[in-house]
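Participant: Sequence isn't available, so here's the structure alone:
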Ligand code: F6P
């Protein structure tokens, strides 16, 4: 293995830069030339690829976003797009590609591998919705962003004796909502994996009100529904003054947490090691604090499971 490429794809996540840094530095450490692909698969098809050196990734471990930019590409889903990408990589002499992103990005990586071009996936998404890893890069930082925001919302909720519905990201997964809800002591957590009955949330709010509780926080995962509509329905059903905050893309930005930097460094470096060993079609991950790797097809075929023990605990603690 003499030349490899690296790209970031899909929604960006804090820690992607730390992963790019680990890929570049570990490749160079092993005497491999490394090329950065700009704008994800779009850039790969267009040949927007430049060699990276040790200094290319200096001073980025602490930066949010991705210095390689990111994109979601429809064209790359086609056979023609994938062939075009392989031709671009062959022109430069690349022999392997590291894809940092979420499940959509891994689908592309598995297609390239099937066509004979070895790829390794590195899970980078705030959603934590990938099987085969306990955590994805960016989840911890996004969680801390939400926790900080909800602490602030609770201050004003207390002062004004209001109910707040806070809508958080996560696509079809409830991890961000669940972890934040537990960390923030939310009165109710709504996740797509457990469609809690609207009526039970209303009854809980009413029970709290009867006990003299004047404010409440409901964390709603975006996969469950629209926060604004949910807030209106809660206000109508309870007669309690309700406000809605949709946290939106602030959850994707910011300097990565220490945990995400370490995770990204471990996974990025391992991805290079796998290519050196001649492996392709794998995804690196962390399980029980050990770096592991799995067949990328198996990762894509298996649905990520939210931790229902944590969900039950949050209900117990927010009676
Ligand atoms: O996958 C990351 C994520 O932030 C999801 O949580 C969210 O549903 C989606 O991306 C938003 O995508 P976009 O930035 O394209 O609106």
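Facilitator: Looks like it came in fine. Please read these numbers as outputs of a predicted model, since none were measured by experiment.
Participant: three-state assignment of the nearest residue to residue 288 once chain neighbours are set aside?
Facilitator: Excluding the flanking residues, the one nearest residue 288 by CB to CB, 6 or more residues apart in numbering is residue 134, at 7.2 Å. For glycine as for every other residue, the C-beta is placed from the backbone atoms N, C-alpha and C. Under DSSP: H, G, I helix; E, B strand; the rest coil, residue 134 falls in the coil class.
Participant: Count residues in the vicinity of residue 134, would you?
Facilitator: The burial count assigned to residue 134 is 15, neighbours taken as other CB atoms under 10 Å.
Participant: my guess is it contacts residue 285, does it?
Facilitator: Yes - taking contacts as CB atoms under 8 Å, residue 134 lies within contact range of residue 285: 7.3 Å.
Participant: residue contacts, the residue in the stretch 201-319 of the chain that the ligand sits nearest to?
Facilitator: Among all residues of the stretch 201-319 of the chain, residue 252 sits closest to the ligand, at 5.3 Å; criterion: CB to the nearest ligand atom. If you count contacts by CB atoms under 8 Å, 6 or more residues apart in numbering, residue 252 has them with 11, 12, 13, 14, 64, 126, 138, 142, 169.
Participant: Without its sequence neighbours, what residue ends up closest to the last one?
Facilitator: Leaving out its chain neighbours, the residue that sits closest to residue 169 by CB to CB, 6+ apart is residue 251, at 5.0 Å.
Participant: Which element, helix or strand, includes whatever residue of the stretch 1-150 of the chain ends up closest to the ligand?
Facilitator: For the stretch 1-150 of the chain and the ligand, the shortest gap (CB to the nearest ligand atom) falls at residue 11, measuring 3.2 Å. For residue 11, there is no enclosing helix or strand under DSSP states H and E.
Participant: Next, it: phi, psi?
Facilitator: For residue 11, the backbone dihedrals (degrees, to the nearest 10) come out as phi -60, psi 130.
Participant: related to what we said a few turns ago, wait, isn't the residue nearest to residue 169 in contact with residue 142?
Facilitator: Yes - using CB under 8 Å, residue 251 makes contact with residue 142 at a distance of 4.7 Å.
Participant: pLDDT averaged over stretch 268-286 - what is it?
Facilitator: The predicted model gives stretch 268-286 an average pLDDT of 98.
Participant: same question, stretch 215-224
Facilitator: In this model, stretch 215-224 carries a mean pLDDT of 97.
Participant: Quick check: buried residues in it?
Facilitator: Buried residues in stretch 215-224, defined by neighbour count with 16 or more other CB atoms under 10 Å: 215, 216, 217, 218, 219, 220, 221, 222, 223, 224.
Participant: any idea which element the third one lies in?
Facilitator: So that's residue 217. Residue 217 belongs to strand 216-221, assigned by DSSP H and E.
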